[in-house]
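Chemist: Here is a sequence together with a model predicted from it:
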Amino acid sequence: MDTIEDLWRVFRQVSNMPFGPGQIAALEQLLRRVDAAEDRELAFVTRLQGTNTYTYGGEPAKSFVTFSWCLAEFDRDPQPYHARYGRQLLWHFKYMVNLMLTFPEVPLDRTYAVIDDMEQRYRAGGHSLQAVYKHRFRVAEHIGDGDAAAHWYRLWQTTPRDDLSDCAGCDPTTEVQYLAETGRYAEAADLAEPVLAGRLTCNEQPQAILTALLVPYLRSGRHEDARNAHRTAYRRMRGNISDLWDIGDHVEFCTVTGNEARALELVERHLDWLDRSPSPAATMHFAATASAALKQVNGELTVSPRTAGDRPARD
C-alpha cells in the first residue's frame with residue numbers, strides 16, 4: 001500500500017514532467033492512488049495540477065472536472081491548506097473562461113456566471129480586477145459585441161495589475177490581437193517591441209505573441225519580421241497539440257503570403273491531430289485554414305497525412 005510520503009514524491013515527479021500525453025497518463029494513475037489513500041490535501045493539490053496538465057497537455061475539457069472539484073472542496077469545508085493554494089485556484093478561473101469560449105456546448109450564461117463568481121472572489125480577496133476585466137473583454141469580443149469589448153478593454157488597460165494578472169507576454173499578446181482585428185497594425189507591432197526585448201518564460205511565450213504579430217508585421221510591411229516570427233513560433237509549438245488553433249494561424253500565414261508548399265507541409269503534418277483535437281474551436285479554425293490552403297495548390301497534388309493514405313488535395 002502507498003504511503004503518503006511516496007505519493008507526494010510521485011506528485012512532484014508528475015508535476016515536473018513535460019506537458020503532453022505522458023504527463024496526463026501519469027497524473028490519472030496518481031489520482032487513482034491518491035483517492036484510494038484518502039488524503040484530502042493531496043487529492044486537492046493533485047487535481048490543481050490536473051487543471052494545468054489537461055489545459056496545456058491537449059485535453060483541456062478534462063480540466064472542467066478538476067477545477068470544479070477543487071472549487072467545491074474549497075467552499076465545502078475550508079482547511080488551512082486551501083489558503084496555501086488559494087491563489088492558484090483563483091488563477092484557474094482564467095483558464096476556465098478562455099476554455100469555455102472554445103466549446104460551443106457551454107451556454108453563454110454559464111460563462112458569464114463563472115466570470116461573475118471570479119469577480120466576487122477577486123473582490124473578496126482584495127485583488128485587482130484587471131484580470132476580470134480582461135476576460136469580460138475576451139467574451140465580448142468573442143461574441144462580436146464591439147461596444148462592450150471596447151468598454152472592457154479600456155477598463156482592463158486602466159486597472160492596476162497585480163499578481164493575478166496575466167504575464168508580461170500574455171497580456172500584450174491579447175492587446176496585439178485586438179489591435180490587429182481593429183486594423184491598427186503598426187500600433188500592434190510597436191506595442192510588442194519592448195515585450196520581445198525582454199525575457200519571456202511563460203509556457204505560452206514567446207510563441208503566442210509572435211503568432212499574434214504575423215498579420216501586423218505583414219500589413220505594416222515588415223515582411224522579414226513576419227517570416228522570422230513564423231519560423232520561431234512554429235518551431236516552438238509544432239509538437240504541442242494544445243496549440244492546434246495557433247498552428248492554423250501559421251497555415252493561413254503561409255497561404256496568404258504565397259508559400260503554398262509550406263502551407264501544404266503544415267497541413268500534412270497536423271491533419272491527423274483533428275482526430276484528437278483539444279477543442280471544437282481548434283478543429284474549426286485549423287480545418288478552415290487547411291481548406292483555404294488546399295484550395296491554393298494544384299488539386300492533383302496528393303496530401304499525405306501520417307495516419308491515412310494519400311488523397312488528392314481537391315478531396
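Modeler: Arrived safely.
Chemist: hey, let's count contacts and neighbours off CA atoms from now on
Modeler: OK.
Chemist: count of residues packed around the closest residue to Leu164 other than its chain neighbours?
Modeler: The shortest distance from Leu164 to any non-neighbouring residue, by Cα to Cα, 6 or more residues apart in numbering, is to Trp91 (6.3 Å). Counted with other Cα atoms under 10 Å, residues neighbouring Trp91 total 17.
Chemist: end to end, how far does stretch 178-188 reach?
Modeler: In stretch 178-188, first residue to last residue: 8 Å (Cα to Cα, to the nearest Å).
Chemist: Then stretch 151-170?
Modeler: End-to-end span of stretch 151-170 (Cα to Cα): 20 Å.
Chemist: mind listing what's buried in that stretch?
Modeler: For stretch 151-170, a neighbour-count test (16 or more other Cα atoms under 10 Å) marks 152-153, 155-156, 161, 164-170 as buried.
Chemist: can you check stretch 272-285 too?
Modeler: Quick answer for stretch 272-285 (16+ other Cα under 10 Å): 273-274, 277-279, 281-285.
Chemist: do the same with stretch 138-150
Modeler: Neighbour-count burial for stretch 138-150, counted by 16+ other Cα under 10 Å, picks out 138-141, 148-149.
Chemist: Let's see which of those residues end up in helices.
Modeler: Judged by DSSP state H, the buried residues of stretch 138-150 include 138-141, 148-149 as members of helices.
Chemist: In stretch 212-228, which residues are buried?
Modeler: By neighbour count on 16+ other Cα under 10 Å, the buried set for stretch 212-228 is 212-219, 223, 225-227.
Chemist: what's the answer for stretch 93-107, then?
Modeler: 93-97, 99-102.
Chemist: could the residues you listed go into TSV alongside pLDDT?
Modeler: Conversion of the buried residues of stretch 93-107 to TSV gives the following (pLDDT from 0 to 100):
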residue	pLDDT
Phe93	98
Lys94	98
Tyr95	97
Met96	98
Val97	98
Leu99	97
Met100	98
Leu101	97
Thr102	97
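Chemist: gap between the residue lying closest to Val106 once chain neighbours are set aside and Thr255?
Modeler: Closest residue to Val106 apart from its sequence neighbours, by Cα to Cα, 6+ apart: Met100 at 6.2 Å. Met100 is 29 Å from Thr255, where distance means Cα to Cα.
Chemist: any idea how far stretch 6-20 is from the chain center?
Modeler: Stretch 6-20 sits 22 Å away from the centroid of its parent chain (Cα atoms, centre = their mean, to the nearest Å).
Chemist: Using PDB, write out every CA atom in that stretch.
Modeler: Extracted C-alpha coordinates of stretch 6-20, given in PDB (Å, rounded to 0.1, in the frame of the first residue of the first chain):
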ATOM      1  CA  ASP A   6       5.500   8.000  -1.500                       C
ATOM      2  CA  LEU A   7       2.500   9.700  -3.200                       C
ATOM      3  CA  TRP A   8       3.900  13.200  -2.500                       C
ATOM      4  CA  ARG A   9       7.200  12.100  -4.200                       C
ATOM      5  CA  VAL A  10       5.300  10.800  -7.200                       C
ATOM      6  CA  PHE A  11       3.200  14.000  -7.300                       C
ATOM      7  CA  ARG A  12       6.400  16.100  -7.500                       C
ATOM      8  CA  GLN A  13       7.700  13.900 -10.300                       C
ATOM      9  CA  VAL A  14       4.500  14.200 -12.300                       C
ATOM     10  CA  SER A  15       4.400  18.000 -11.800                       C
ATOM     11  CA  ASN A  16       7.900  18.200 -13.300                       C
ATOM     12  CA  MET A  17       7.100  16.200 -16.400                       C
ATOM     13  CA  PRO A  18       6.600  18.000 -19.700                       C
ATOM     14  CA  PHE A  19       3.000  18.700 -20.800                       C
ATOM     15  CA  GLY A  20       1.500  16.100 -23.000                       C
END
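Chemist: Tell me the buried residues in that stretch?
Modeler: 7-8, 11, 14-15, 19-20.
Chemist: Go through the residues you listed and flag which are in helices.
Modeler: If you go by DSSP H, the buried residues of stretch 6-20 have 7-8, 11, 14-15 in helices.
Chemist: in which helix or strand would I find Met203?
Modeler: Let me fix one detail, which is that residue 203 is Asn and not Met. For Asn203, there is no enclosing helix or strand under DSSP states H and E.
Chemist: Around it, how many other residues sit close by?
Modeler: 11.
Chemist: about what we covered before: what helix or strand is the residue nearest to Leu164 on?
Modeler: Assigned by DSSP H and E, Trp91 falls within helix 80-100.
Chemist: so how far is the next helix or strand after that helix from its chain's centroid?
Modeler: Next along the chain after helix 80-100, taking DSSP H and E as the criterion, comes helix 108-124. Centroid displacement of helix 108-124 relative to its chain, using Cα atoms, centre = their mean, is 19 Å.
Chemist: Good, we can wrap up now.
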